[in-house]
Every structure is written in structure tokens, then in C-alpha cells.
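Chemist: here's a sequence, model it:
(one chain, ligands or ions: 2)
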Amino acid sequence: MTFVEGLRCRECARTYPAEALHVCEYCFGPLEVAYDYDGIAAATSRERIAAGPDTIWRYADLLPARAQGAVDLGAGFTPLVRADRLAAQLGLGELWLKNDTLNPTGSFKDRVVSVALTKARELGFKVAACASTGNLANSVAAHAARAGMESYVFIPRDLEQAKVVTTAVFGGNLIAVEGTYDDVNRLCAELAGEHPSWAFVNVNVRTYYAEGSKTLAFEVAEQLGWQTPDHVVVPIASGSQLTKIHKGFRELHRVGLLSEEPHLRVSGAQAQGCSPVATAFATGADHVRPVKPDTIAKSLAIGDPADGWYALDVVRSSGGAIGSVTDDEIVEGIRLLARTEGIFTETAGGVTIATLAQLASSGVVRRDERVVAYVTGIGLKTIDAVAPHVGPTATIAPTLEAFESAVEVDD
Ligand SMILES: *Cc1c(COP(=O)(O)O)cnc(C)c1O
Ligand SMILES: [Zn+2]
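Modeler: Ligands and ions are numbered 1, 2, ... in the order given. Okay, the predicted model is just below:
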């Protein structure tokens, strides 16, 4: 069973049954899953969660789909690592990294897709579909293969080759579209109307998909011994992940899993080449104006973010900030993380680390705070971003003399 009561409009609070719906018929506001929190509080406990699987499904009581028969490649329960060397470089105190590069297809998208396709299957869908900036494509193709579902994955044609190959290998339909992600997304909104029997993870089952990101909060709280951080730094594409991390910590308190009410500051990270939410934050605007993306951080290149306004609201009301960084800073962020902590992240992670550095130096992220930065994707899919900047220390003949003359060794 699940504790889902139905869906509720985030704007006007009208309620709907838990079906494949994502917008309110009355006000066009986005729908959100509503739960029976008293029921969850009575059923769940720290012990029950600890006895669950080492995946996102240990938190099934707080998810909209059943763990039994889940479409599961093992997403989630990734390491939370203390990052003292990076903290020292940035002038911070207690810094932790949520290493989501270690998910089955190398990004946090496995969390949301596992939830979305599990729910889609419960609702009777046999076909999975999505519009993607790359990581979602990988994850939908892989999970659909695992579930024996047909898949249609739509991507912008200029995506990194590694993301194309690591999607196509799973054997579903992969359609490269001549346009930006926002063009692809518009096309998918039309296709969703034409093919109501397809589960579009970021259209008609988006409401369920988004809930998967709450596990990024649940795990961090559990891994910190059922405590909350003081400050989290989260990358923003559509803004969904950021809002759901915030929601996740609040829910844990609501169902009695956290003894203290979380006082969490939430900060966001964007690439300067696609920074509509950061710009709205900086200018104090009350809406997010769409932009045309131009950045190496392709997995964050959403010019018209669906949850941008909600992300802005969470950041403002929690006392955080949203920074944006240049392509050069993104590359430096990737390299800094790799050098100091041994984690190779993709460009989105470079955005997060570079923004963390920026917010640390401006004093927004403070030395006396317990900070968690979310590192959401693996570097192997965006090799091109760092390839021009790193390489062998020396290339030599296979002789002792060649090594001694090429490399200065201090021992
Ligand atoms: C999709 C993605 C994000 C951002 O997710 P949103 O919920 O759309 O804001 C962050 N990092 C990586 C690696 C992603 O693929
Ligand atoms: Zn409404």
C-alpha cells in the first residue's frame, strides 16, 4: 500500500485522484502528491527504514509508489562523504558531499525515474517517454529496459556523444531533435497529447517523478544520524530537485523522524550561460524570465524552468542565495573537486562546486554551518569539458633515463 491521498494543486489546493495528471484544470497550477502524514507517522520509524533495502525504496512510506515490484536498478543510498580537504580550500568548516555520481546510470535522475516508471507501471502504462538534456535519457532508457517497457526518448541533437551512446545502448527509441531542450520539451508536450498511452516522465507522470528527489533529503538526514544540515547547495535546471529536497526535510519532521524542526538554508547553483533563476534572484524579480541556453553544463540547460518560481521562493524564504558561474569556473570546479576529494563529476557538479566556492567567499555559506553540497552526476559523460585542460604529466620512451629526465621527483 501507499499513503497517497491524491493530488493537490499547488496554487488553488483543489484535489484530484492519484492518476496520470500534472496540471490543475481550473488554474493550470502544477499538481503535487498529497499524503496521509498521520498514517505515515504511525507506520514508519527509523528502525523500519534502517531494515529496508540500500536504495531509495527504503523510504517507500514517503513515496507515491509501492516498493514491491518497483522498477529498480538500485538507485539511491549513495555515499555522504565528509570533505575536509575541499572545505579547507574554500575556507569552510563542516562540509559534506552527497555523491550521486554513484547511481546506476551515473546521475541523480535514477531516483526520479525509478519512482516515475514504478508509478507508470502501477497505472497500467506500457511505454515510457521523456524529453531530456541527457541524464534523464540514460536513466529512462535503462529503467525501461529493466522493466521490459518500450521507450521513446527525445534529446537535443547537440548533446554530448557519451550521453547519446549511453542511452542508445539500452535499445529503446532515441530521437535526436534539431533544437534546444526547450524545443524538445514543447514537442513532447504535443506528443503527450497525441499519445495518452505513453508515460512521459516529465509531462503526465511528472508529479510522481518529482517526488523521487525527496530521497536526496531523506538520505542526508539519515546519514547524518537523523539530523539536518544548516545549509544545502543544489544545482538548478527545472528547479524540481531543489524544491523537493526542501520538502523532504520538512516531511521527515512532519512524520516524526526528526526530533528538531529543520532550520535549513537552501542555496541554488546555475551556469551563467543559463541562469534564469539566478537572474531573478539577483534582480529581486517576482517571476523567472526564460533565456536561450549557451553553456557547457548541458544537463542544467533549461531556459524556461518549470519549477523556477518555486525554487526561487524556497531559496528566498529559507535565507539562501542563488549563484551563477562561467564555463571556465565550471571546469575549475570539476578539477578542484577531483583534486581535493577524488570525485570526478560532470559539468553540473562543476556548477555546484564553483557556486559553493562563490557563496563561501561572499559569506553566504558560512564557516560555522554544517553544509551539504549535492554532486549530481558523473564526469565520464562530459569528458569533453575537461579534455583540453588535463592530460599526461609526461609522455616518454620506456626507459629509466627518459623518466628521470622528464619528471622531477622529490623523495
Ligand atoms: C537534471 C539534473 C539536475 C537538475 O534537476 P532539476 O530537478 O531539473 O532542477 C542536476 N544535476 C544533474 C546531473 C541533472 O542531470
Ligand atoms: Zn489549481
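Chemist: C-alpha from now on. contacts and neighbour counts both.
Modeler: Fine.
Chemist: so for L86, what's the nearest residue that isn't a sequence neighbour?
Modeler: T340 (5.5 Å; C-alpha to C-alpha, 6 or more residues apart in numbering).
Chemist: please apply the same query to D100.
Modeler: Using C-alpha to C-alpha, 6+ apart, the closest residue to D100 is T376 (4.8 Å).
Chemist: thinking that neighbour is in contact with G350, fair?
Modeler: No - applying C-alpha atoms under 8 Å as the test, T376 and G350 come out as separate, 9.8 Å apart.
Chemist: more neighbours: which of the two?
Modeler: Ranked by neighbour count (other C-alpha atoms under 10 Å), T376 and G350 place G350 first, with 34 against 25.
Chemist: what strand or helix carries the more buried one?
Modeler: For G350, the host element (DSSP states H and E) is helix 347-361.
Chemist: what is the very next helix or strand once past that helix packed up against?
Modeler: Downstream of helix 347-361, the next assigned helix or strand under DSSP H and E is strand 370-375. Applying 3 or more C-alpha pairs under 8 Å, 6 or more residues apart in numbering; DSSP states H and E, one finds that strand 370-375 contacts strand 94-99, strand 231-235, helix 347-361.
Chemist: those: which one's closest to ligand 2?
Modeler: strand 231-235 (27.6 Å; C-alpha to the ion).
Chemist: can you list contacts of the closest one?
Modeler: 241-242, 264-270, 300, 320, 348-349, 351-352, 356, 365, 369-374 (C-alpha atoms under 8 Å, 6 or more residues apart in numbering).
Chemist: now do G379 against ligand 1, distance only.
Modeler: From G379 over to ligand 1 the distance is 10 Å, taken as C-alpha to the nearest ligand atom, to the nearest Å.
Chemist: with K163 instead?
Modeler: Look at K163 and ligand 1: by C-alpha to the nearest ligand atom, they are 11 Å apart.
Chemist: that's a helix at that residue, yeah?
Modeler: Yes - assessed by DSSP: H, G, I helix; E, B strand; the rest coil, K163 belongs to a helix.
Chemist: check contacts around it.
Modeler: Here K163 is in contact with 134-135, 137-138, 381 (criterion: C-alpha under 8 Å, 6+ apart).
Chemist: what's the closest of the residues you listed to P388?
Modeler: Ranked by distance to P388 (C-alpha to C-alpha), these are led by K381 at 15.1 Å.
Chemist: the closest one and A162 touch, don't they?
Modeler: Yes - judged on C-alpha under 8 Å, K381 makes contact with A162 at a distance of 5.1 Å.
Chemist: neighbour count: those two, which is higher?
Modeler: More neighbours surround K381 than the other of K381 and A162, with 22 against 16 (other C-alpha under 10 Å).
Chemist: what's near enough to touch the more buried one?
Modeler: Per C-alpha under 8 Å, 6+ apart, neighbours of K381: 160, 162-163, 346.
Chemist: check these against ligand 2, which are close?
Modeler: Checked against ligand 2 using C-alpha under 5 Å from the ion, the contacts of K381 yield no neighbours at all.
Chemist: the residue of the stretch 151-300 of the chain found nearest ligand 2: which element?
Modeler: For the stretch 151-300 of the chain and ligand 2, the shortest gap (C-alpha to the ion) falls at T207, measuring 13.9 Å. In the assignment (DSSP H and E), T207 maps to helix 206-211.
Chemist: packing partners for that helix?
Modeler: strand 31-35, helix 109-122, helix 240-254.
Chemist: what's the most buried one of these?
Modeler: helix 109-122 (a mean of 27; mean count of other C-alpha atoms under 10 Å).
Chemist: would you mind writing the CA trace of that helix as CSV?
Modeler: The C-alpha atoms that make up helix 109-122 are tabulated as CSV, following Å, rounded to 0.1, in the frame of the first residue of the first chain:
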residue,chain,number,x,y,z
LYS,A,109,18.0,11.1,-12.3
ASP,A,110,17.9,7.4,-11.4
ARG,A,111,16.0,8.4,-8.3
VAL,A,112,13.2,10.2,-10.1
VAL,A,113,13.0,7.7,-13.0
SER,A,114,12.7,4.7,-10.7
VAL,A,115,9.8,6.4,-8.9
ALA,A,116,8.2,7.6,-12.2
LEU,A,117,8.3,4.3,-14.0
THR,A,118,7.2,2.3,-11.0
LYS,A,119,4.1,4.5,-10.7
ALA,A,120,3.6,4.4,-14.5
ARG,A,121,3.5,0.7,-14.4
GLU,A,122,1.1,0.7,-11.5
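Chemist: what parts of the stretch 301-411 of the chain come near ligand 2?
Modeler: So the stretch 301-411 of the chain never meets ligand 2 (C-alpha under 5 Å from the ion).
Chemist: shouldn't the residue of the stretch 151-300 of the chain closest to ligand 2 be in contact with E32?
Modeler: Yes - here T207 reaches E32: they are 5.7 Å apart, a contact under C-alpha under 8 Å.
Chemist: overlap in contacts of these two?
Modeler: With C-alpha under 8 Å, 6+ apart as the test, T207 and E32 both reach H22.
Chemist: next one: R339 from A137, what distance?
Modeler: For R339, the distance to A137 equals 29 Å [C-alpha to C-alpha, to the nearest Å].
Chemist: and E260, by the same measure?
Modeler: The value you get for E260 to A137, if C-alpha to C-alpha is used, is 38 Å.
Chemist: likewise for L312?
Modeler: Distance, L312 to A137, using C-alpha to C-alpha: 26 Å.
Chemist: got it, and A51?
Modeler: Between A51 and A137 the computed distance is 32 Å (C-alpha to C-alpha).
Chemist: list the contacts of the residue nearest to D100.
Modeler: Under the criterion of C-alpha under 8 Å, 6+ apart, the contact list for T376 reads 98-101, 107-108, 345, 348-349.
Chemist: list phi and psi for it.
Modeler: Backbone torsions for T376, taken as degrees, to the nearest 10, come to phi -100, psi -10.
Chemist: what does the stretch 201-350 of the chain put close to ligand 1?
Modeler: 235-241, 299-300, 348 (C-alpha under 6 Å from any ligand atom).
Chemist: more neighbours: R339 and A137, which one.
Modeler: A137 (27 against 13).
Chemist: helix or strand: which one has the more buried one?
Modeler: Using DSSP H and E, A137 falls within helix 135-147.
Chemist: and that helix with helix 109-122, angle?
Modeler: Calculated by axes from the mean of the first three to the mean of the last three C-alpha atoms, to 10 degrees, helix 135-147 forms an angle of 50 degrees with helix 109-122.
Chemist: quick one: list the elements packing against the helix holding G350.
Modeler: If you count contacts as 3+ C-alpha pairs under 8 Å, 6+ apart, helix 347-361 packs onto helix 84-90, strand 231-235, strand 265-271, strand 322-325, helix 327-341, strand 370-375.
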